[in-house]
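Chemist: Sequence plus the predicted model coming up.
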Amino acid sequence: MFARLAASLGFTDSRTAGLRTLSFPGDQRQPGGVLGVFITILCVGLSLTTLWLAFSIPIGPTQISALHLGVAIPLIFLLYPGLKSSLGRQSAIHWSDWLLAILAAATFVWAFTSALRFQSRMAYFDPVEPLDMFFGILALVVIFEATRRTVGMTIVVINLVFMAYALTGPVWPGMFEHRGTEFPRLIEHLYMLSDGMFNFIMGITATFLFTFMMFGVFLRVSGGDRIFTDLALAIAGQRRGGPAKVAVISSALMGMLSGSTVSNVATTGVMTIPLMKRSGFSAVEAAAVETTASLGGALTPPLMGAGVFLMVAFTGVPLGTIMLYSILPALLYFLGLYAYVDVKARKRRLQGLPRESLPRVLDVLLAGGHIFIPIFALVYVLVIGFTPFYASAVCVIAILVVGAVRTATRMNPALLLVALEATTRVVITITALSASAAVIYGVMTMTGLIVKASSIILALSGGSLAVGIILIGLMSYVLGMGLPVTASYVLIAALGATALADMGVSILAAHLIIFWFSQDSTITPPVCMTAFVAARIADAPPMRTGWESVKLAKALYVMPFAFAYSSILSDNLLEMLFDALPLGLMLICLPMIFESYATRALRLHERLLIAVAAGLFFMGSIGSTGTGLGWTLSGFALAAAVILVSHRRGDEEPLSPASASTTEGRS
């Protein structure tokens with residue numbers, strides 16, 4: 001029966017099967033038969049319900065979060081095995097998974113039906129009923145277990161430490177001391193109050209983060225990823241080091257689809273990494289280029305990962321405004337990466353792909369350019385003032401309408417079901433993480449830790465903004481070793497954003513500093529999942545790939561200082577561009593310094609002079625109009641003179657691809 005149903009819907013054709021493989025997270029079970037249909041119904045039902053809520057919200061925020069968790073957490077237990085062995089992924093669902101799924105559903109159904117009662121009681125005064133206590137404890141247990149299965153044990157341990165901190169307040173030294181709380185009151189705060197696990201973090205995940213990710217999945221299923229890749233090939237494929245430049249451009253475009261670095265690598269890397277290796281890049285270089293290009297995708301509007309949606313709630317700045325302010329920094333990031341690829345290709349005398357084997361830009365736009373319409377529409381609808389939840393839901397519908405214009409992008413019923421199921425499957429990969437982050441934030445609000453942490457950072461920095469930014473960067477590096485980007489951003493934003501704002505930067509600048517720093521967890525050894533995935537595709541050493549990625553992603557560490565000191569976030573477009581120009585020139589200089597190459601190999605003193613020029617460019621970006629122009633012109637004159645002298649000397653020939661490969665092999 002199920003075989004006939006699948007065939008009638010088109011589930012057995014190759015395109016649908018391939019999209020299911022590409023769109024569903026690879027570490028999830030994919031059962032067939034009755035169980036497979038049951039999971040599909042749950043996933044599709046949650047997607048459609050969330051889409052419906054975007055147009056008509058008949059329930060409160062606590063109920064929306066409880067409804068989302070009541071479906072998503074049980075799905076995690078059915079789709080993620082308790083043990084992460086390869087055998088465990090393919091094994092049948094254990095009875096304990098079913099038990100946890102049923103208990104999780106009951107826990108959040110109780111919260112859903114009790115939401116109005118929770119709101120009407122007197123917090124911290126009325127007694128906590130035994131059933132509320134039972135389900136509150138159970139909610140924490142199932143959230144922590146779901147978090148362990150999806151993102152690992154680290155954040156669970158951090159949750160337990162924070163809860164222990166809440167219970168043992170009087171024993172902590174100095175500024176960390178607080179009066180403490182009793183266990184029933186802690187459960188009350190985390191389960192029954194809006195500041196707990198059903199706070200704004202969980203509300204964002206259950207609403208417009210869900211529909212934004214649906215927007216990305218629908219774009220991908222309708223063929224947007226293929227169109228973006230073809231466009232990147234048409235633009236840069238024939239240029240020097242073409243495959244690497246294709247990786248940079250395609251990952252920037254793919255970032256508008258997923259906002260996920262690992263997803264970008266898995267999607268574009270399987271094509272670009274082999275091409276880069278064949279064109280003369282080493283395995284480490286190819287993996288690092290794809291890693292850093294995919295990281296940039298998570299910084300590129302409109303889909304910038306879960307962190308940007310949380311930033312809306314933290315800052316009160318509209319999502320459309322954050323996206324507009326993020327365009328120029330993202331372009332600068334990719335300019336720096338593109339410059340590195342160009343210098344490396346020039347140094348190795350690498351060639352592009354044959355022009356006759358590449359698509360033409362006009363042909364790509366004529367065949368698939370219409371798929372960009374929903375993306376532009378999304379930005380426009382946000383800018384004119386509609387809520388992110390409504391705007392993203394409208395644009396999901398727009399994809400269906402616009403995609404129907406051509407056969408290649410048209411979604412039949414089977415593809416629509418795949419897209420709806422894939423959306424829920426993708427969202428639940430961060431649902432438990434969001435719930436755990438909500439618990440941590442709830443403990444922070446209960447204990448006053450947010451205010452205490454701000455005071456500590458101010459004291460350690462001595463009021464120096466530069467030192468404060470460095471402390472935030474170090475905090476990000478340490479936390480990033482064990483936390484995903486979203487969790488790292490939430491923790492650092494809660495602990496450090498107020499301190500940065502107290503030092504004189506705007507609240508948006510403070511959060512963008514933290515948001516950019518938090519991205520380094522995906523590339524910085526010893527734990528750097530995006531680099532590890534790219535290294536696996538390239539058959540390269542993971543740690544070397546991570547360190548090479550750090551070298552390439554220089555803008556990730558430069559832009560936070562630019563947010564604080566330059567006018568890159570100004571309301572005046574001319575001021576923004578005036579400061580962006582020297583920043584761009586500085587990012588172009590940095591690859592010359594690291595690679596010791598411009599148009600010819602650079603000598604040591606020439607590299608030092610280029611470094612001085614880069615410093616002058618940065619001073620030009622943070623200075624006033626008059627002094628900034630002087631610094632910029634001085635840097636330009638110095639860099640141009642060094643490059644001209646080096647080029648005229650011409651005493652060293654660039655490495656050939658063969659010799660480069662030999663050198664890499666020896667290293």
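Modeler: Received, thanks.

Chemist: Every contact and neighbour count from this point should use C-alpha atoms.
Modeler: Fine.

Chemist: Low-confidence stretches in the stretch 51-200 of the chain?
Modeler: 84-91 (pLDDT under 70).

Chemist: Could you pull out the helices in it for me?
Modeler: Along the stretch 51-200 of the chain, the stretches classed as helices by DSSP state H, counting those that start in this stretch are 61-79, 86-90, 95-120, 130-151, 154-167, 183-187, 200-206.

Chemist: quick one: which of these is nearest Ala501?
Modeler: helix 200-206 (21.2 Å; Cα to Cα).

Chemist: Next, the buried residues of the closest one.
Modeler: By neighbour count on 16 or more other Cα atoms under 10 Å, the buried set for helix 200-206 is 200-206.

Chemist: Export the helices of the stretch 51-200 of the chain to CSV and append columns for distance to Asn412.
Modeler: Listed next are the helices of the stretch 51-200 of the chain as CSV, based on distance: least, Cα to Cα, whole Å:
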stretch, distance to Asn412
helix 61-79, 26
helix 86-90, 29
helix 95-120, 32
helix 130-151, 31
helix 154-167, 40
helix 183-187, 47
helix 200-206, 27
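
Chemist: Out of these, the one nearest Ala293 is which?
Modeler: Each of the helices of the stretch 51-200 of the chain has some distance to Ala293 by Cα to Cα; the shortest is helix 130-151, at 23.0 Å.

Chemist: Give me the buried positions along that closest one.
Modeler: 132-133, 135-140, 142-151.

Chemist: what does stretch 436-453 give?
Modeler: The neighbour-count criterion (16+ other Cα under 10 Å) identifies 436-447, 449-453 as the buried residues of stretch 436-453.

Chemist: mean confidence for it?
Modeler: Stretch 436-453 shows an average pLDDT of 86 in the prediction.

Chemist: now it: how far from the chain's centre is it?
Modeler: 23 Å (Cα atoms, centre = their mean, to the nearest Å).

Chemist: So what touches that stretch?
Modeler: Applying Cα atoms under 8 Å, 6 or more residues apart in numbering, the contact partners of stretch 436-453 are 143-144, 147, 155-156, 159, 162-163, 166, 175-176, 178, 180, 189-190, 195-202, 487, 490-491, 494-496, 498.

Chemist: Kindly recompute the last result at 7 Å.
Modeler: Contact partners of stretch 436-453, identified using Cα atoms under 7 Å, 6 or more residues apart in numbering, comprise 143-144, 159, 162-163, 166, 175-176, 178, 190, 195-197, 199, 201-202, 487, 490, 494-496.

Chemist: Put together a markdown table for the buried residues of helix 200-206, with distance to Leu219 on each row.
Modeler: Below are these laid out as a markdown table (distance: Cα to Cα, whole Å):
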| residue | distance to Leu219 |
| --- | --- |
| Phe200 | 27 |
| Ile201 | 25 |
| Met202 | 25 |
| Gly203 | 24 |
| Ile204 | 21 |
| Thr205 | 20 |
| Ala206 | 20 |
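
Chemist: closest to Val34 among these?
Modeler: The closest of these, once distances to Val34 are taken by Cα to Cα, is Ala206, at 27.2 Å.

Chemist: Run through the residues that contact the closest one.
Modeler: 64-65, 68.

Chemist: Identify, from those, the entry nearest to Val37.
Modeler: Of the contacts of Ala206, the one sitting nearest to Val37 (Cα to Cα) turns out to be His68, at 19.7 Å.

Chemist: roughly how far apart are that closest one and Gly136?
Modeler: Applying Cα to Cα, to the nearest Å, the value for His68 to Gly136 is 17 Å.
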